[in-house]
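Asks: this one's sequence-less:
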């Protein structure tokens, strides 16, 4: 199956691209994408702890299963400002 | 109105979007670009968003406010791109029958916006350095 993966902010800078299409095996999950990115750029794994993922504009987990045409995004920690 | 824009925000867009005859109050919050972060001089800010998801999450926050306080008139707009000191980065307006719940709902909207709406801020400091900022710290200098 083919999915679109989008990269924002620091992810965009680290990977040097804002989106790409990925060909994945049937049964792939969000984790499949994370593993693939880690192979290309091992340092990105350090940021996985603070990052969230989304599938079709909804927050997802590493176990979320993917389908043909899904739009996946890596979501770094959002915006700034503290509750003051 | 739930919107990501690259145009100047004045606040009137959200105020007009929530105005209603049965409202006794409109609470308007404007977030503006501050000239320093913990004393470090800021030259300008750059905001980036994931627009379709950001607008969807803003609508979800409005639904939460509707469920909590029965307030149905909430509008939010956030700017992206390069912003200069003093410019408005975000505007939230809440219209309610009485001011008390309006104040609470507006504060709630801003707090939730910072938690779940995918928008990122990159600070460019006057010393030429820059970094992406997360709620409590710079987490990645570039």
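Replies: It's in. This one's a predicted model, so the numbers in the text were calculated from it and none came from an experiment.

Asks: what part of chain B, helix or strand, is modelled with the least confidence?
Replies: Lowest by mean pLDDT, DSSP states H and E among the helices and strands of chain B is strand B:137-141, with a mean of 56.

Asks: kindly apply the preceding question to chain A instead.
Replies: Min over SSEs of chain A, mean pLDDT, DSSP H and E: helix A:45-48 (a mean of 81).

Asks: sec struct for the residue of chain B positioned farthest from its centre, please.
Replies: Note on chain B: the largest C-alpha distance from the chain mean falls to residue B:127, namely 26.9 Å (C-alpha atoms, centre = their mean). The three-state assignment at residue B:127 reads coil, by DSSP: H, G, I helix; E, B strand; the rest coil.

Asks: measure it to chain A for me?
Replies: To chain A, residue B:127 is 18 Å away according to C-beta to the nearest C-beta, to the nearest Å. C-beta coordinates here come from the backbone N, C-alpha and C atoms, glycine included.

Asks: show the contacting residues for that residue.
Replies: With contacts defined as C-beta atoms under 8 Å, 6 or more residues apart in numbering or on different chains, residue B:127 is in contact with residue B:41.

Asks: so what's residue B:85 up against?
Replies: When contacts are counted by C-beta under 8 Å, 6+ apart, residue B:85 touches B:33-35, B:42, B:44.

Asks: surely it is within a helix?
Replies: No: using three-state DSSP, the assignment for residue B:85 is coil, not a helix.

Asks: residue B:9: neighbouring residues, count only.
Replies: 21 (other C-beta atoms under 10 Å in any protein chain shown).

Asks: try residue A:34
Replies: The burial count for residue A:34: 17, using other C-beta under 10 Å.

Asks: check what pLDDT it gets.
Replies: In the prediction, the pLDDT value recorded for residue A:34 is 93.

Asks: briefly note if the host helix or strand of it comes near chain B.
Replies: Assessed by DSSP states H and E, residue A:34 sits inside helix A:30-40. No: applying C-beta under 8 Å from any C-beta of the partner chain, one finds helix A:30-40 separated from chain B by no less than 15.0 Å.

Asks: buried sites along that helix?
Replies: A:30, A:32-34, A:37 (16 or more other C-beta atoms under 10 Å in any protein chain shown).

Asks: which SS state does the residue nearest to the spatial centre of chain A fall under?
Replies: With distances taken as C-alpha atoms, centre = their mean, residue A:74 lies nearest the centre of chain A, 3.0 Å away. In three-state terms, and counting by three-state DSSP, residue A:74 is strand.

Asks: so what's it up against?
Replies: By C-beta under 8 Å, 6+ apart, the contact list for residue A:74 reads A:5-8, A:11, A:37, A:51, A:53.

Asks: which one of those is nearest to residue B:63?
Replies: Closest approach between those and residue B:63, by C-beta to C-beta: residue A:53, at 22.6 Å.

Asks: part of a strand, is the closest one?
Replies: Yes: Residue A:53 forms part of a strand when assessed by three-state DSSP.

Asks: could you pull up the residues touching it?
Replies: Residue A:53 makes contact with A:30, A:34, A:59-62, A:64, A:72-75 under the criterion C-beta under 8 Å, 6+ apart.

Asks: drop anything exposed from the residues you listed.
Replies: A:30, A:34, A:60, A:64, A:72-75.
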